[in-house]
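> Sequence below, structure please.
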Amino acid sequence: MMLDESTPECDACPLDRRGFLGQAFFAILAASGMSSVTATAALALEGSEATYSIPARDGVEIDKKGEVILVRDKGVVYAFALSCPHQKQSLRWKEAQGRFECPKHRSKYQPNGSFIAGRATRAMDRHPIRREGDIVRVDLTLKVRRDEEPERWESEQVRVG
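Sure thing, here's the model as predicted:
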């Protein structure tokens, strides 16, 4: 049966149609290995919040659709905005160097988002993050800047190790 605007939604259903389709889409991509988001595939992406599995080990996961970089480094999980704070170019993880780099002007960042060198002159923007069991929830509506709110920037992390 197809839902149209005249069909009421089921009050007993735990997910609305959009939520179900979103979760099904990510499950299919993860199962097929076609997603750019690897083992910590976004479980849900609903406007203002994204939900991810806690990474099992240190590494970097990039969710292009949600524009989030999820990092586990030394037992701490961070969520960063995908774009460079200088001119909003998508950042890239350089595995061999163990750091992030902007492809436009070569600004460099540590895995925790701290600025190393380049034109950006400030740290990567962090998203608020919180842990709920085996998942983390990332607030997509806020970006915390280290130069404006240093204490909050430092606190936007989840210890897992």
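
> middle-most residue in the protein, spatially?
What sits nearest the mean C-alpha location of the chain, by CA atoms, centre = their mean, is residue 68, with 3.0 Å.

> mind checking how far that residue is from residue 62?
8 Å (CB to CB, to the nearest Å). C-beta: built from backbone N, CA, C; applies to glycine.

> quick one: common contacting residues for these two?
Common contacts of residue 68 and residue 62, defined by CB atoms under 8 Å, 6 or more residues apart in numbering, comprise residue 82.

> ok, now how distant is residue 80 from residue 61?
From residue 80 to residue 61 the distance is 11 Å (CB to CB).

> More neighbours: those two, which one.
residue 80 (29 against 22; other CB atoms under 10 Å).

> Find the nearest non-adjacent residue to residue 128, please.
Excluding the flanking residues, the one nearest residue 128 by CB to CB, 6 or more residues apart in numbering is residue 139, at 4.1 Å.

> I figured that neighbour hits residue 48, correct?
Yes. In terms of CB atoms under 8 Å, residue 139 counts as a neighbour of residue 48; the distance is 6.8 Å.
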